[in-house]
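In: Below are the sequence and a predicted model; questions follow.
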Amino acid sequence: MEKCPSGADPQTCGTDPKSCPGCDPAQMAEEKQKEEFTLTRALKQISHKILVMSGKGGVGKSSVAVSLALSLARRGHRVGLMDVDLHGPNVLRMLGLKQPFDLMHAQFQLPPDLFDNLKVISIEVLMRDREMAVIWRGPLKHQMIRQFLTEVQWGSLDYLVIDAPPGTGDEPMSVAQTIPDAQAVIVTTPQEISLADVRKSINFCRKINLSILGIVENMSGYFCPHCSQELPLFRKGGGEKTAQAAKVPFLGSLPFDPQVVEAADQGRLMELKEADSPFFQALAPIVEYMAAILPAGAKKEREPGVMKFAVPLEDGKMAAKLANAQHFAILTVKNGAIADQQMMPRPAHGFGDFLEWLDDLEVTHLIAADLSDKASELLKRKDIQALPGDPQTPPEELVARYLEGK
């Protein structure tokens, strides 16, 4: 006998399919819907998602990701830092974070100036031994990334900085699939061998429709602490030329800074003052540019001239009570006429989550028979108008009545 979708043996999951969540299609569909709802709601609370990636390892990608998150948080923005470099996680070590006291909220014991502004999560918090290798295939990696987004209570964030592993493998692909509006920052060094891999990363982003925020050239020079002169470690300007050739923005060059290397190795990167570091000084205009083109708290506007009606249904007609609804009809009105109609299962959540569900669907009107004044006021705060309707009336007729002014 074949195993059930959950992986359980048929002899152990029971003869009745409904006794095993992996065998019951209805229960599987419900669990999937709950997960998608939670993911959508979590992403909606994050204004901008920045995926920091590189074509190859050793270019300082994680240092750039961590420093970018620190710099944004120090400027008063609400920032999340998510380490999905599952095979080489370094974020916690760079920041010196060892014992999280609140894993669900991604809250470590951070300095007072960062405590309210920075949340950090990494696969390392789940590992008993930090030297242990993570040997996972693609599906497990994909699920781990989704769990980071759905099970961690990120709350409202201005920016989520995601540190991806080098290359164009499963993790960047999973991020792009899970977070469609993510934008990539590609880190490189001026070496030609690194630039060749950057061109692969650019092609990767374009093939999967991942927007490119720009290219950062790291280790572009070395500031001598004795003579204060910049010395070229590699040839300079390769990152800018590659960006120009690919017609993507060049965000800037960052010098090799021994202070940053030492502080990251010792877990004291948060203690390094920006004014004392050539690296952080060079990063500052990049941070200001990102904050300008990705303004904090930006919210997607609804499409002008379009109305969306939600109608609770029971046996195909409007339910007498909202709580009795089995499904919801979502009707889209354009140019004064019904242009589209969808049938969606009732979300299995409380009223607060129900409001978020309506908002996620960009619903503008809810037609229901038994809404209280308090519920109507809560809907109004979401810019959703509450309308009374006659029970046992088809949703198309209810919307038509409204459009006719009845």
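Out: It's in. Numbering: from 1, shown residues only.
In: Show me what counts as buried in stretch 249-258.
Out: Residues of stretch 249-258 classed as buried by neighbour count (16 or more other Cβ atoms under 10 Å): 250-257. Placement of C-beta: from N, CA and C, glycine included.
In: Kindly report the same for stretch 50-58.
Out: For stretch 50-58, by 16+ other Cβ under 10 Å, it's 50-56.
In: Looking at the residues you listed, spot the one nearest residue 83.
Out: residue 52 (10.3 Å; Cβ to Cβ).
In: which residues does that closest one bridge with?
Out: Assessed by DSSP bridges, residue 52 has beta-bridge partners residue 163, residue 185.
In: wait, what's in contact with it?
Out: 61-62, 64-65, 68, 161-164, 184-185, 187 (Cβ atoms under 8 Å, 6 or more residues apart in numbering).
In: Now the two most distant members of these.
Out: 62 and 184 (15.2 Å).
In: The residue nearest to residue 250 when sequence neighbours are not counted sits in which helix or strand?
Out: Excluding its sequence neighbours, the residue lying closest to residue 250 (Cβ to Cβ, 6 or more residues apart in numbering) is residue 243, at 3.7 Å. In this assignment (DSSP states H and E), residue 243 forms part of helix 238-246.
In: and residue 315, how many neighbours?
Out: Number of residues near residue 315 (other Cβ atoms under 10 Å) recorded here: 9.
In: what about the stretch 201-350 of the chain, any weak spots by pLDDT?
Out: 223, 225, 228, 234-235, 297-302, 348-350 (pLDDT under 70).
In: Would you map the helices across it?
Out: In the stretch 201-350 of the chain, helices defined by DSSP state H, counting those that start in this stretch lie at 238-246, 258-265, 278-293, listed in chain order.
In: right, and these - which one's nearest residue 116?
Out: Short answer: helix 278-293, nearest of these by Cβ to Cβ, at 18.0 Å.
In: what angle separates the closest one from helix 258-265?
Out: 80 degrees (axes from the mean of the first three to the mean of the last three Cα atoms, to 10 degrees).
In: Pull out the buried positions in helix 278-293.
Out: Buried-residue list, helix 278-293, by 16+ other Cβ under 10 Å: 278-280, 282-283, 286-287, 290-291.
In: Which stretches in the stretch 1-150 of the chain count as strands?
Out: Using DSSP state E, counting those that start in this stretch, the strands found in the stretch 1-150 of the chain span residues 46-54, 79-83, 118-122.
In: Which among those strands is found nearest to residue 385?
Out: Per Cβ to Cβ, nearest to residue 385 of the strands of the stretch 1-150 of the chain: strand 46-54, 25.9 Å.
In: The closest one relative to helix 278-293, how many degrees between them?
Out: Strand 46-54 runs at 140 degrees relative to helix 278-293, counting by the same axes, to 10 degrees.
In: pretty sure residue 54 is in contact with residue 188, am I right?
Out: Yes - judged on Cβ atoms under 8 Å, residue 54 makes contact with residue 188 at a distance of 6.6 Å.
In: Which single one of the buried residues of helix 278-293 is nearest to residue 30?
Out: Distance to residue 30 across the buried residues of helix 278-293 (Cβ to Cβ) is lowest for residue 290, with 39.5 Å.
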